[in-house]
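**Q** Provided below are the primary sequence and the corresponding predicted coordinates.
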Amino acid sequence: MKGIVVESETKEPLIGASVRCGSVGAATNTDGKYELSVKEGSYDIECSYIGFENDKRRIAVSCDTIINFVLKSSTSELSEVVVLSRSVMDRLRNTQSGMERIDIDEMSKTPVLFGEHDILKSLQLLPGVSAEGDGTGGFQVRGGTASQNLVLLDDAPVINSGHLFGFFSTFNDPALSSATLYKGQIPARYGGATSSVFDVSTKAGNPERYNGSFTVGLLSAKFYIEGPIIKDKLSFFASARRSYMDLFLKFTDQFKDNSLYFYDINAKVNYNVGYNDKIALSLFVGRDNLGMSDMMNMQWGNITTTAKWYHSFNDRLSSVATLYHGNFINDMGMQITSEDDNMNGHLRQTGIKYSFSWNPHENHNVDFGLQSALIDLKSAEWTIGATHQKEQRRGWESGVWINDDWAISERVHIMGSLRLGIMSALGGSPYYKMDEAGNIIDSYTPRNGKPYKTYLSIEPRLSLNYRITDMQSIKMAYSRNSQNIHAIRSTGSSMPFDRYAMTSNVIKPQTADQVSAGYVALFGNTRWEVSGEMFYKDIRNIYDYKDGKSFNSEIEIERLLLGGKGRAYGFEFTLRKNAGKLTGWVGYTLSWVQNKIDGINNGKWYTAGNDRRHDISVVGIYEFNKKWNMSAAWVFNTGQALPAPSAKYEVDGIHMFHYAERNGYRAPAYNRLDLSATYTHVGPKLTYEWSFGIYNAYSRYNPFLIVFETDENSPTGFKTMKYSLFGLVPSVSYTLKF
């Protein structure tokens, strides 16, 4: 059965209505439609929607059956029909706490930098999510760092998900079909992140007709095309994007020999093998290149590949088998005087994931499965003059899980899950024992592939959704998550040349326990939504550089680090307008993030660099008519916590700074206003769009980098220098769709 249309008495499609046919169910999409796959036969079918009486029928299903439902108001008068996105209904009904199903169409209307729609920057406008820096795509969730997020593209891990140091997203928006952020209770099928999981899926390709578009902006161009290879059997999707800032450099005498560009490619093929089977193959390639004549060249990027087999055993049991590979590489070369220096690294993850979904009955769903992956991590390889050093480790990470989502009654939904994780550091590379000063006192190189140190993690997760009324719910959750790959950052933002460390005999798995409680309510005939959620997170085995150490102080990264614990707690509040010509939201987050590491800050708790005490976002989207829409976004957050010198002294003629406290200084608060407008003309065969934008409309020069320099004229002996990236940045782009 496909093409089920859900209609009200006003004949307007209802988005987010629930449709269930036998044991199979789903919600209607943005067109008010959904596709259900069931065998021919007789079924009880039901459509439900908040504020309306359910429509129940007994039908005989054959090929391409189409059902038109008529829903009557549950009150004496017919209520006005309000079109809602699926994400709205999820926030109210879903048992999962802290889940945000991203409305890609809504996010594409928010203001952007350089005219590029960017799902990662749009994500930063949500409560509990903040940006790492001005204009960058790195995001921090509920007191976590960007390195504590797991970003997946079709189930393959993506590392450092940004082009040109994060100013452009890795994700090309025409290629995306869905995206979900888990910031509270993370489903048991995910492992390897203590802060959040951002799960992104790419488009499958239209199996019936060809579509495509081409977009040209000030700094980049992109296109996509999709369609059937064999109608209703085999389809494809392909997109590509490239920046052309390097072309402008060619017209300058000073920078004509420099390079500065990125490109990415997405491709996917879907094959409907039969009624019960489907195969999907996807590929992503992204590369950045930055070169300064013959002095320096930097390259970095991701390659991911995924193969999926979807299989339905019967109406109640289905499975997805996934093979995936993710490869992140970075390579930097410099020429200093007559020497050629080179630094590079990589993080490769190759694995299999096999998951099952079982529906014992319509109000009960059980997910279970297993996952196993080999990790190849080259923390660094340096060639400096005649010196060559390398640190490379391998590991084997596996997990099994079960998740039970059960609607005990119409009011009470409960979800309980358990994940067991196993991490083994494998032989073939040296492992060390060190004294308290970080000096190596012994080393051992196990046989290649032999487990040297193994850790077992037990991760229970539990959430409860209690529906007070049809329009109100309370959610409570507890979640434990562990992580075995650690990005060690010397700055407050993600950089492509950050060093990575893997769980070993010295570095322990990072573990986080989070509890949360929240309230969600719809009112004003579901047009308005209010929600609030409190959270507390306790983190063990966080790592930071020792005082005076940086990423290149030693090749053995474990000699540079100290481990300790952290905590984050706070409150999120959101007021949303879901329907009407004006939609949008106001979000506010109040939070505290602190670390405690022996050997840093005298062993006392200190404010973490990712602490953003106050974070506010105000987003408005206004539809003037079918052709024009406008959006505005204003953001404010407390400045970054930084270490600042408390004194200056001189040793052998060299000026040195003394730091009495870690992160005892606050950068100035950050705020900006972004504006955008889009004109759309729909023709019989072609549609075109003009998009106009202004980033940082009142041209506030927010701090991007703050450094402390010697100043003999200052009473303190030093001065604070603030560097900003952007003032007012206009943009324009043109898109042609067919």
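**A** Now that the structure is in, tell me what you want to look at.
**Q** for the residue nearest to the spatial centre of the chain, give its distance to Thr350.
**A** Residue closest to the mean C-alpha point of the chain, counted by CA atoms, centre = their mean, is Phe198 at 3.5 Å. In this view, Phe198 and Thr350 are 21 Å apart by CB to CB, to the nearest Å. (Glycine included, C-beta is placed from N, CA and C.)
**Q** and for Gly427?
**A** For Gly427, the distance to Thr350 equals 18 Å [CB to CB].
**Q** could you do Val530 as well?
**A** In terms of CB to CB, Val530 sits 45 Å off from Thr350.
**Q** tell me the bridge partners for the residue nearest to the centre of the chain.
**A** In this entry, Phe198 is beta-bridged to Val151, Leu181, by DSSP bridges.
**Q** repeat for Met292
**A** Here Met292, judged by DSSP bridges, has bridge partners Met296.
**Q** that one contacts Leu260, doesn't it?
**A** No: if you go by CB atoms under 8 Å, Met292 and Leu260 don't touch, sitting 9.2 Å apart.
**Q** these two - which one has more neighbours?
**A** The neighbour comparison of Met292 against Leu260 (other CB atoms under 10 Å) goes to Leu260, with 19 against 15.
**Q** from Asn448, how far out is that one?
**A** For Leu260, the distance to Asn448 - CB to CB - is 41 Å.
**Q** show me where pLDDT drops low in the stretch 551-700 of the chain?
**A** Within the stretch 551-700 of the chain, the ranges that satisfy pLDDT under 70 run 646-660.
**Q** show me the strands in it, by range?
**A** Counting by DSSP state E, counting those that start in this stretch, the segments of the stretch 551-700 of the chain that form strands are 561-577, 582-597, 606-607, 614-623, 628-637, 641-642, 647-651, 654-658, 665-666, 670-682, 687-695.
**Q** and for the closest residue to Asp598 other than its chain neighbours, the neighbour number?
**A** Leaving out its chain neighbours, the residue that sits closest to Asp598 by CB to CB, 6 or more residues apart in numbering is Gly564, at 6.3 Å. Gly564 has 19 neighbours, counted by other CB under 10 Å.
**Q** which residues does Gly564 bridge with?
**A** Under the criterion DSSP bridges, Gly564 forms beta bridges with Ile542, Ile597.
**Q** surely it and Lys604 touch.
**A** No: checked against CB under 8 Å, the pair Gly564 and Lys604 is beyond contact range at 10.9 Å.
**Q** shared neighbours, the two?
**A** Residues within reach of Gly564 and of Lys604 at once, by CB atoms under 8 Å, 6 or more residues apart in numbering, are Lys596.
**Q** in the sheet, who's paired with Thr607?
**A** Going by DSSP bridges, Thr607 forms beta bridges with Gln594.
**Q** could you measure from it over to Ile468?
**A** Distance from Thr607 to Ile468, by CB to CB: 37 Å.
**Q** neighbour-wise, which of the two wins?
**A** Neighbour tally, Thr607 and Ile468, criterion other CB under 10 Å: the higher count belongs to Thr607, 21 against 12.
**Q** surely the more buried one meets Gln594?
**A** Yes: counting by CB under 8 Å, Thr607 does reach Gln594; the two are 6.0 Å apart.
**Q** so how far is Ile329 from Gln96?
**A** Gln96 is 34 Å from Ile329, by CB to CB.
**Q** and Leu562, how close does it get to Ile597?
**A** For Leu562, the distance to Ile597 - CB to CB - is 5 Å.
**Q** any common contacting residues for those two?
**A** What both Leu562 and Ile597 touch, as defined by CB under 8 Å, 6+ apart, is the set Asp544.
**Q** fine by me, thanks again.
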